[in-house]
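>>> return atomic coordinates for the entry below.
(2 chains)
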There are 2 protein chains.
Amino acid sequence: MIDFGELFEQSIDDMLAAAFRDCLDDVDKGMSPADVDAAWFGTIDIADNASSGLGLSHPTGLFEMPVTRVENACATGSSAFRSAVESVRAGNTDVALVAGAEKMRDSAAGLIEGAALDQVWRGRGVTMPAFFGLRATRHMEEYGTTREQIAKISVKNHENGAKYPHAHYRFTCDVDDVVDSPQVTYPLNLYDCCPVTDGAAATLVVSEDVVDEFTDDPIWVAGSGLSVDSFERGNDESLVGFPATEQAAGQAYEQAGITADDIDVAEVHDCFTITELVTYEDLGFCEKGDGGAFIDSGEPLLDGETPVNPSGGLLAKGHPIGATGVAQVNEIYEQLRGKAGAVQADNDPEYGLQHNIGIGRNATGSVSCVNILSRQR
Amino acid sequence: MIDFGELFEQSIDDMLAAAFRDCLDDVDKGMSPADVDAAWFGTIDIADNASSGLGLSHPTGLFEMPVTRVENACATGSSAFRSAVESVRAGNTDVALVAGAEKMRDSAAGLIEGAALDQVWRGRGVTMPAFFGLRATRHMEEYGTTREQIAKISVKNHENGAKYPHAHYRFTCDVDDVVDSPQVTYPLNLYDCCPVTDGAAATLVVSEDVVDEFTDDPIWVAGSGLSVDSFERGNDESLVGFPATEQAAGQAYEQAGITADDIDVAEVHDCFTITELVTYEDLGFCEKGDGGAFIDSGEPLLDGETPVNPSGGLLAKGHPIGATGVAQVNEIYEQLRGKAGAVQADNDPEYGLQHNIGIGRNATGSVSCVNILSRQR
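As a prediction, this is how the structure comes out:
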């Protein structure tokens, strides 16, 4: 991944070219563009770059091969990764590039305008912070979750992000800083929200038939899940979590033949602090309602039993939508190889999990993607 | 597929719900929504419906399963089909729904405005008709292709379309009608151009493990190819065809273990008459430069040796972008089963081919997808 941030001086092509170059440079035994057989491009194309697979081909020079654009709201990057995995599993592809990118800052005005103009959203007043804020107030009401517990997630992720070289924000804060930061929508304040960030990331999915050509230390895809659900179905009537995450995680655990207890490190979707808190529960890291106690216990801290968002998460690293899931996969890859540097989990991780939750269709539904990587074949 | 046309009275949800219902109703032994394991949604989302997989889930009721949106310019529908095939081949999915839809008429103004405002296009004057018109004049110059030969493709496709119950346009015309119709961009006139059409289509990809539950007369996916190429690479310096189509077809033929000679019926991308003419050559139905002679020979006529676009093609049927490739797959399915009614090829077809070519990234490149279906397993 490139360094995320406000990258006004870089086009989406610049960002993708850099992420692709860095990705190839990171391959242990080397890889050239000619080794790539097919590619998947994750972007919601928020800056309206007239996308399709060509949006990845031009900056990378990957032509005369299958290139497919995948879009799945905030689960776009992880869905693109999943599609590449399916192609490799199908025997159609030996070396698949997955790249995601988003120019968020150029388009923030358009994004806000688009949301504001939309009749469904306007009628409900449901901006993204308000949407997640409702989840927070309900969780506090139902389970006694405290404002301080929610704030601790921001403290943890900024603590990690301050050590993470590619993060957009690299500062630390304490609970008082979070609860005293400007209110965005009750109970979420500025430090409870991820920033608007530009970025790109790229990763490789390689078949077991040829992986030895590129590394002696591969990380394996153990499971992948994807699910959609709708708030209008009444399936999450309590509004304290996301059934789509439970469903996607269930698929991924089943495919991997493991349970939540086996996960040693995770990169999860913390677009807002409350999102990470309910995700602990939805992924099965703790019981429903115990997310507050889980952060209190220290288990998701970098030196805890199950570090969550060692990279600083979306809160510190930023959330360039198409790139986010791909960057999370990369971080899990580094963690399982023990090469995550200053944010390396010290629990010798065997299994790592990557998670996104997207809110789509004018906040009527959610889409979640969960990928599980493993040191073991 | 639903009846294509100017469907101002139908929302994209209405169209998708109808296509899904019709698709299930067409299954020989019956199928219920509960039988579907995963779904792929093809749309370029030209009407800005805030897509993602949720855009398909809501109108179909397909929740709690993987739903992925795929976009690949005018090859969007066929790319979505290809993605579903890869998932089934990977063993991840037994029953995959593929649905595509586009609300073109609501958005034509925005589309034209977007194109006009784009600096790259504006600088070049390259609207879509102008872009394809350049291919036509060059083909005429290089190979002596005549205006009448190009016009014959419109005559053929409207002849077929007049018999096709789902077509947007159901009239016949002769060569004089085409060359006398209002000029759009030399040498292409109004009847050389596909209309702006709303529509939706849905199809099913089912694994060999369970297909017996649904039909005793399945059609098999024999091969699938996808490729991107760029005009800026100089790879098609002669401007008389699309290397991406040659590449995608090459992949598909190789996977199917056949050559172009084995194809008995085809649905190809005739967004403009010239597009179909050069596609004859790019797919290998004839030598490069012989497209004019190929239509003169009558081979692609409905009663010819290799009927092309029995459905009337995009010229008559219309081109709701995300739906187009899916509708083409459906037509090949019907043709191979001998159930294509008034437009049934009378050559007892064994192999059928579906093709799209998309122009993306502000007309800097092309993306082509080719799927080959077969009566034989």
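>>> write out the residues of the stretch 1-150 of chain A neighbouring chain B.
The stretch 1-150 of chain A has residues A:38, A:48-55, A:57-58, A:62-73, A:75-76, A:79, A:82-83, A:85-87, A:89-92, A:114, A:118 near chain B, with proximity defined as Cβ under 8 Å from any Cβ of the partner chain. The way it works is simple: take the backbone N, C-alpha and C, and place the C-beta from them, glycine included.
>>> just the buried members of those residues?
When burial is judged by neighbour count using 16 or more other Cβ atoms under 10 Å in any protein chain shown, the buried members of the residues of the stretch 1-150 of chain A next to chain B are A:38, A:49-55, A:57-58, A:62-73, A:75-76, A:79, A:82-83, A:85-87, A:89-90, A:92, A:118.
>>> show me those that map onto helices.
Secondary structure defined by DSSP state H assigns A:54-55, A:57-58, A:76, A:79, A:82-83, A:85-87, A:89 of these to helices.
>>> out of those, who's nearest residue B:30?
Sorting these by distance to residue B:30 puts residue A:86 at the head of the list, at 27.7 Å, by Cβ to Cβ.
>>> the closest one reaches residue B:87, doesn't it?
Yes. Counting by Cβ atoms under 8 Å, residue A:86 touches residue B:87, with 4.7 Å between them.
>>> can you pull out the helices in the stretch 151-300 of chain A?
When secondary structure is read from DSSP state H, counting those that start in this stretch, the stretch 151-300 of chain A shows helices at A:175-180, A:243-256, A:273-282, A:291-297.
>>> packed most tightly, which of the ones you listed would that be?
Of all these, helix A:273-282 has the most neighbours on average by mean count of other Cβ atoms under 10 Å in any protein chain shown, namely a mean of 27.
>>> ok, that helix near chain B or not?
No. Counting by Cβ under 8 Å from any Cβ, chain B is not contacted by helix A:273-282; separation bottoms out at 13.7 Å.
>>> list the helices and strands that helix packs on?
In this structure, helix A:273-282 makes packing contacts with helix A:128-143, helix A:147-161, helix A:243-256, helix A:291-297, strand A:351-360, judged by 3 or more Cβ pairs under 8 Å, 6 or more residues apart in numbering or on different chains; DSSP states H and E.
>>> export these to TSV and tack on mean pLDDT?
Output for the helices and strands packed on helix A:273-282, formatted as TSV (pLDDT from 0 to 100):
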stretch	mean pLDDT
helix A:128-143	92
helix A:147-161	98
helix A:243-256	97
helix A:291-297	98
strand A:351-360	94
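>>> tell me the residues on the stretch 201-350 of chain A that lie near chain B, please.
Proximity of the stretch 201-350 of chain A to chain B, by Cβ under 8 Å from any Cβ, involves residues A:224-230, A:232-233, A:235, A:243-244, A:247, A:251.
>>> looking at those residues, which has the most residues close by?
Highest neighbour count within these: residue A:228, with 33 neighbours (other Cβ atoms under 10 Å in any protein chain shown).
>>> residue A:373 should be in a helix, yeah?
No. Under DSSP: H, G, I helix; E, B strand; the rest coil, residue A:373 sits outside any helix and is assigned strand.
>>> OK, contacts around residue A:98?
Taking Cβ atoms under 8 Å, 6 or more residues apart in numbering or on different chains as the contact definition, residue A:98 lies against A:39-40, A:42, A:77, A:80-81, A:84, A:202-205, A:326, A:329.
>>> dump the helices and strands packed on helix A:273-282 to JSON lines, plus distance to residue B:198.
Rendered in JSON lines, the data for the helices and strands packed on helix A:273-282 read as follows (distance: least, Cβ to Cβ, whole Å):
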{"stretch": "helix A:128-143", "distance to residue B:198": "30"}
{"stretch": "helix A:147-161", "distance to residue B:198": "45"}
{"stretch": "helix A:243-256", "distance to residue B:198": "30"}
{"stretch": "helix A:291-297", "distance to residue B:198": "45"}
{"stretch": "strand A:351-360", "distance to residue B:198": "22"}
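>>> just so I know, which of those lies nearest residue B:284?
Residue B:284 lies closest to helix A:243-256 among the helices and strands packed on helix A:273-282, at 40.1 Å (Cβ to Cβ).
>>> which helices and strands does the closest one pack with?
Packing contacts for helix A:243-256, counted by 3+ Cβ pairs under 8 Å, 6+ apart, involve strand A:220-230, helix A:273-282, strand A:351-360, strand A:365-374.
>>> in the stretch 101-250 of chain A, which residue sits nearest chain B?
Taking Cβ to the nearest Cβ as the measure, the point where the stretch 101-250 of chain A comes nearest chain B is residue A:226, at 3.6 Å.
>>> which residues touch that residue?
Residue A:226 makes contacts with A:72, A:75, A:79, A:82, A:248, A:251, A:367-370, B:38, B:53, B:66-68, as judged by Cβ under 8 Å, 6+ apart.
>>> then residue A:283?
By Cβ under 8 Å, 6+ apart, residue A:283 lies in contact with A:245-246, A:249, A:260, A:263, A:266, A:268, A:353, A:355, A:370.
>>> which one (most neighbours) among those?
Scoring these on neighbours with other Cβ under 10 Å, the highest-scoring entry is residue A:370 at 34 neighbours.
>>> that one contacts residue A:249, doesn't it?
Yes. Applying Cβ under 8 Å, one finds residue A:370 in contact with residue A:249, separated by 4.8 Å.
>>> between those two, which contacts overlap?
Looking at what touches both residue A:370 and residue A:249 (by Cβ under 8 Å, 6+ apart), the common residues are A:225, A:283, A:353, A:355.
>>> list the contacts of the first one.
Looking back up the chat, that one is residue A:225. Counting by Cβ under 8 Å, 6+ apart, residue A:225 touches A:247-253, A:255, A:368-371, B:66.
>>> still on that earlier bit, among the residues of the stretch 201-350 of chain A next to chain B, which pair sits farthest apart?
The most widely separated members of these, counting by Cβ to Cβ, are A:224 and A:232 (26.5 Å).
>>> show me what contacts the residue nearest to the spatial centre of chain A?
For chain A, the residue whose C-alpha lies nearest the mean C-alpha position (Cα atoms, centre = their mean) is residue A:325; its distance is 3.7 Å. By Cβ under 8 Å, 6+ apart, residue A:325 lies in contact with A:42, A:75-81, A:100, A:354, A:356, A:369.
>>> and which of those is nearest residue A:212?
Here the nearest of the contacts of residue A:325 to residue A:212, counting by Cβ to Cβ, is residue A:81; it sits at 21.7 Å.
>>> residue contacts, that closest one?
A:40, A:42, A:98, A:203, A:205, A:224, A:325-326, A:329, A:369, A:371.
>>> distance check, it against residue A:299.
Going from residue A:81 to residue A:299 by Cβ to Cβ, to the nearest Å gives 26 Å.
>>> do the same with residue A:348
In terms of Cβ to Cβ, residue A:348 sits 16 Å off from residue A:299.
>>> so for these two, which sits in the more crowded spot?
For residue A:348 versus residue A:299, neighbours defined as other Cβ under 10 Å are more numerous around residue A:299 (16 against 10).
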